[in-house]
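**Student:** what's the 3D shape of this:
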Amino acid sequence: MSDPTPNADCEHPAPEPEGLTVDFLGSGPTPSQSRFQVDLVAESAGAAAGDGDEKAAPSGDKAQEAEEAKGRFRVVNFVDPSGAVSPDAAPAEGLQNGDTVMSETSLQSSTGGQQHYHYDTHTNTYYLRTFGHNTIDAVPNIDFYRQTAAPLGEKLIRPTLSELHDELDKEPFEDGFANGEDLTPAEEAAVKDSGDSKGVVKFGWIKGVLVRCMLNIWGVMLFIRMTWIVGQAGIVYCCIIISIATVVTTITGCSTSAIATNGFVRGGGAYYLISRSLGPEFGGSIGLIFAFANAVAVAMYVVGFAETVVELLRMGDLTMLDAVNDVRIVGTITVVILLGISVAGMEWEAKAQLILLFILLTAIFNYFIGSFIPVESKEKYGFFSYDASIMWENMGPDFRKETFFSVFAIFFPAATGILAGANISGDLADPQMAIPRGTLLAIFITALVYIGVAVSTGACIVRDATGEIGTNFTLGFNNCTGPACKYGYDFSSCKLQPGQDESSCKYGLHNDFQVMSVVSGFGPLISAGIFSATLSSALASLVSAPKVFQALCKDNIYPGIAFFGKGYGKNNEPLRGYILTFLIALAFILIAELNTIAPIISNFFLASYALINFSVFHASLANSPGWRPSFKYFNKWVSLAGAILCCVVMFIINWWAALLTNVIVLSLYIYVSYKKPDVNWGSSTQALTYHQALTHSLQLCGVADHIKTYRPQCLVMTGAPNSRPALLNLVHAFTKNVGLMVCGHVRISNRKPNIKELNNDMLRYQRWLLNNNSKAFYTPVMAEDLRQGSQFLLQAAGLGRLKPNTLVLGFKNNWRECDLKEVETYINLIHDAFDFQYGMVILRLSEGLDVSHIQGQGKCFLFSFFFVSDDTSAMKDVVVFIDVNKDSDGDSSKPSSKATSVQNSPAVQKDKKSPTTPLNMADQKLLDASQQFQKKQGKGTVDVWWLFDDGGLTLLIPYLIANKKKWKDCKIRVFIGGKINRIDHDRRAMAALLSKFRIDFSDITVLGDINIKPKSESLAAFAQLIEPYRLKEDDMEQDAAEKLKAEEPWRITDNEIELYKAKSNRQIRLNELLKEHSSTANLIVMSMPLARKGAVSSALYMAWLETLSRDLPPILLVRGNHQSVLTFYS
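**Tutor:** Numbering: from 1, shown residues only. Below you'll find the model as predicted:
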C-alpha cells in the first residue's frame, strides 16, 4: 500500500505556540482529516483565563497554523485539572460524564456514571494532558484496555507506536484498531447492544447470585426426600453424602470464581466461562447441552410442582380428568405463568424470586420451630421431638433395597444449581465480585441447612411408625423394642419380615415423604415451601437457558441458531430464546415421563462442573501470564480432583446416562473442531499449546542429531506461497507430518522498508497456508537483493532443532532472457546453501512454476508482492489474483481506501475491473501443470536416478513421496551408473543396499552406456546454448578479457570449456538417457551435478542444469549435504 502523498502544508509544521489555550470541538473532525488534530491546550487555569480574550479573536497566523495541523493529527480534547473550560465549549455534552474526556475520575465515572457519551473511536480519541505538555503520548488508562464499548465505559485507542515514532508526513494507520484488536461478531453485537444503557437492570451479589443459588440448591429435595435419605443412610452417612456433594460444589464454586475473576465476564454463564477458558470446542459442546438441560429442568421442576398440587386436589376429592392429565394441565398453566414473569423482564423475575425465597425460608424456620414443640397427637406418626435414644437409633444406616451410592445419586441433584447466578452473568452489576461471593456463600448456607435438617430429623423422628396410638403393653415386657417404647408406642410390627419388599407402615422417616409437614409448626407452610422451591428452580432454569443459548447464538459456533440470539429491550432480553425454552419445557411436561431424562440432566450439569474445574487446572498448567484471577483460593490440583470427582459422580448417579453425556459432548466437540469457528478468545488451550511447543523445542536442543531421526526440513523459496503452487504442493508431499517446511519470501526494496506491510504479509499468508491445509510456515524478509535476503533466511530461519536443512528452489526457466546478474545471483544461492551445509533441491516443470500473473476465474482480490520472476526480465512486483472462495482470510477481504502502488506489498484491493477473460494456451498449460501435484497420481513410476552418493537424500525424498496417499499407485524405479561388464553385480549390490534400507522398489536399471559420447545434434545444441555467454578471450587482448571477466564473472572462458568438456558431455548424455528411460515417469528424482565454487562460471553451471533437465516430465534435482540420512542399523 503506497504512502499517502504528503500535504504541502505538513512539510513545514508551525512552531508550537507558547501560550496554549483550551479548545473543545463542538463536533468531531471531518473524515478528510487524519486521526489526530492538534488543538491548543492551557498549561494552567490561569493561563486559560488570562488568554480568554486572545482566544476569542485569534490571529490570522494562529488560525492558519491550526488549519495546517489538520491532515497530520486529529486529537485531543484536553481538560484542565482545575476544571477551567473554554467559554465557547460545549460542556453539557462533553463534560457530563468522565468517560467522555477521560479525566482523573475516569475509572470512577466509567463504572458508576448514569450517562454515557457514545462516539466513533476511529475518529475521536481523547487523551489526558500528559505532564502538562501538548503531546499525543497517553498516560495509562483503563479505557485503552477495553475490548468493546461496553456499558462500563468507552473503548479508547492509544496512539500506536508508528504514530509516535514515524515521520509526521506518514498516515498513522490505515484501518482497523490501532492495537490490532478487531472485534468478533459477538463483541460487535455487544457494542450494538450496549448502545442505550439507560434503564438497564443490573443485580448485585445478593439478589443476582445468592438468592438464585440458594433457591436452586435447596429445591424440592429439602422437604420431600431429605427425611427418606436420613432413614435409609442414617445421620452419619447422610452427613457424609452431604459433605461429598458440598466438596464437589465447593471446588466447582472456587473454580467458577477463579475464572469469573480473571477478566470481565459477559452473559452466557457456564458456556461463557468454559468457552473463554478452554476454547470454542469444549465451550460450544457444553453450551448447547447446558442450555438444553436447563430447558428440560424447567419441565422437571414444574412437573414436581404440578404433582404436589394434584395430590392436594385429590385429597380434597377435586380432580379434572385423571392423575396424568391433571399434571399436564396444571404444568402447562404453571409454565405459561412463569414464561410471562420471565418475559416481563429480569426485574420482575428477581422480585418473584425474592418472594419465593421468603416463603421458602419461612417454611424452613417453621419446620425447625415445630421440631422443638412436642405434640402428643404427632407421636403416632413417629415424631417425639429431640431424644438421644432416637438420635442414636438413627445414627447408623438402614438401607432397604438401596445402597450408599444409590442414595447419594438421589440426593446429589439437590446440590446442583450453583451456576444459577453465573448463568445471568450479563445481568450482574459486577460479576467478578458477585459470582464468587454469592456462589460460595450460597453453598455454605445451603450445606448447613441440609446438615441441620438431617441431624434434626434423625434426632426427633423414628424410622417407622404405624400412625396408631400405642396401648395395652407394659414397659417391662421385652416384646417392644425401639426408642418409641418409652413413650408407650410399639412400632416393631413395621420392621420388614423375611420375604417382605416394603414396610406395612405408612409413617416415619422411611415411609412418609411428607413427614416434615407433620413436624412443622404449621403444616401448610411446608406445602408452600415445596411450591416455592419448585417454582423458584423452574423460574431460574427458565431464565438461565435462554441467556446461555443467546450467548451461544451470538458466537456463531453452530449454524442456523443465530435467529434465537436476538435481544430485545434495554436488558437485551432473548425473547425468542424464551419461546424456544418454553416449547421444550412444554413438550417434556406433556410427555410427563421424566424419570428417564432426569439422570441425563443431572449428568449434563455435572459435565459442565467437570469442565469448569478442568478449565482452572488447564489454565494453571499452561502458566499463561494472562491467567491472573483475583480470587486466590483455588489450587490447580484440587480443581483437577474436582473434575475427576464430577466424572465419578456422573457414573455413580447413572452409568448409562454418563456414557450418553460423554458421547454427546464428544460428538459436539468433534463437530466444532471440524467446523473450526473463526474465533480467538485467548483460551488456555492456546496457552498450553505454546507452553508445550516451547518446552519440547528446548528439549530437542539438548538431544544430538541421529541418522534415524533425520527429517527433511525444507526452506522453500516460494515467494508468496500462492504464486508457485506446484513447488509448494510437491514439497508438502514429502514434508507433511514428517518434517518442517518454511516458505521463504525475499521482498526486494532499495527504499525504506515498510515493516507494517511485512507484518501484514506474515499474518495474511500464514492464514492462507492454514486455510489451504498446508503445514508450513511463512517467513518473509526484506533485503536489497535476492541473495542477501536468502542468506538471511539460510542463517535465521527456524528455531533450535526446528531449523531447515534443505533449500528448495524452482528452476529459473527464463534465465536466457533475463539479466545475467540474476543468473549469477541464482547460482550463488546454490553455493550459499552448500556453504551453510544445506541439502539442495531444484524443481523444474517444462511449463514453469510461477502462476502469479494468471487471473483466477470468479471473484478475485488483488495482491502485489516481490519475487524473482520466472517469465519476466527482472525482479519486480507481480499482480496475483487469489480466489476468495479458497482464501477465507477475513483480513484479506478488507478493501483499502488507498490506491494500489506497484512499489508496495501487499495491497489488498478488490479488483472491480478485472474481467474473467479466457486464458491463452500457454497460461492454461501453466495453470494445469501447477495443479498436477494436487491430484491423485495414477499408476506410474517415480524414477530415481541415484548417480552419486550424497548421503541418501536423493533416495529418501522419493520414498517419502511414494508413501503418500496421492502417490501410492506409483512404483519406484532406481537407475544407477555402472560398467557394462559389471551390470549384474552392480544391480545385486544396489538391491541389497535398498533391502537393508527397507525401501521398496519395482526395478533397478544399471546404465552401462553412461559414458558414451552424446549425439552430434545434442552437442551442437549445447554449443549453441552457451555461445552467447562465452568470453572468447582468445579473440581479444588479455587486459580487455580480464576486465570483461571481472565485470561479467558469469562469462564462460575457453579454458573452462575445455577443462570441463567431459562433465558437459555427461550432462548431455544423461539428458538423452532420461528421455529414453523416463519420458513417461510421473516424477524424476535425479542427483544434481555439482560445480566447484570459483572455478565454474554461473552461465556454464546453469547450462549444465538446463541441458540435464530440459524436455522432461517434472524433475527434482537433488543433492544432499553428504551426511548420511539413511541407515540400516536399528
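
**Student:** For the rest of this, base every contact and every neighbour count on C-alpha atoms.
**Tutor:** Will do.

**Student:** Pull out the buried positions in the host helix or strand of Thr695.
**Tutor:** Under the criterion of DSSP states H and E, Thr695 resides in helix 684-701. Of the residues in helix 684-701, 684-688, 691 count as buried by neighbour count, 16 or more other CA atoms under 10 Å.

**Student:** Equivalent analysis for stretch 507-516, please.
**Tutor:** 507-516.

**Student:** Stretch 1092-1100 too?
**Tutor:** 1096-1100.

**Student:** Which member of the residues you listed is positioned nearest Gly269?
**Tutor:** Ser1098 (68.0 Å; CA to CA).

**Student:** So for the closest one, what's the nearest residue that isn't a sequence neighbour?
**Tutor:** Trp1050 (4.8 Å; CA to CA, 6 or more residues apart in numbering).

**Student:** A helix includes that neighbour, no?
**Tutor:** No: assessed with DSSP: H, G, I helix; E, B strand; the rest coil, Trp1050 is coil; it does not lie in a helix.

**Student:** State the pLDDT value of it.
**Tutor:** Trp1050 carries a pLDDT score of 84 in this model.

**Student:** Tell me the first helix or strand C-terminal of the helix or strand hosting Thr256.
**Tutor:** Element membership of Thr256 [criterion: DSSP H and E] is helix 226-260. Remark: after helix 226-260, the chain's next helix or strand is helix 269-278, criterion DSSP H and E.

**Student:** before we move on, back to that, tell me the angle the helix holding Thr695 makes with helix 269-278.
**Tutor:** Going by axes from the mean of the first three to the mean of the last three CA atoms, to 10 degrees, helix 684-701 is angled at 20 degrees with respect to helix 269-278.

**Student:** Report all helices and strands that helix 684-701 contacts.
**Tutor:** Helices and strands touching helix 684-701, by 3 or more CA pairs under 8 Å, 6 or more residues apart in numbering; DSSP states H and E, are helix 269-278, helix 597-622.

**Student:** The longest one packs against which elements?
**Tutor:** The elements that helix 597-622 packs onto, with contact taken as 3+ CA pairs under 8 Å, 6+ apart, are helix 226-260, helix 269-278, helix 280-315, helix 636-653, helix 655-675, helix 684-701.

**Student:** a markdown table for those helices, including distance to Val548 and mean pLDDT?
**Tutor:** Below are the helices and strands packed on helix 597-622 laid out as a markdown table (distance: least, CA to CA, whole Å; pLDDT from 0 to 100):
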| stretch | distance to Val548 | mean pLDDT |
| --- | --- | --- |
| helix 226-260 | 15 | 91 |
| helix 269-278 | 6 | 80 |
| helix 280-315 | 6 | 84 |
| helix 636-653 | 21 | 91 |
| helix 655-675 | 16 | 87 |
| helix 684-701 | 21 | 84 |
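
**Student:** Which one of the ones you listed lies nearest to Tyr578?
**Tutor:** Closest among the helices and strands packed on helix 597-622, using CA to CA: helix 280-315, at 9.4 Å.

**Student:** Which helix or strand in the chain has the lowest average pLDDT?
**Tutor:** Ranked by mean pLDDT, DSSP states H and E, the helix or strand of the chain with the weakest confidence is helix 98-101, at a mean of 32.

**Student:** For the buried residues of stretch 1092-1100, which two are the farthest from each other?
**Tutor:** Farthest pair in the buried residues of stretch 1092-1100, by CA to CA: Val1096 and Ala1099, 8.4 Å.

**Student:** which regions of the stretch 1001-1130 of the chain sit below the pLDDT cut-off?
**Tutor:** Of all residues in the stretch 1001-1130 of the chain, none has pLDDT under 70.
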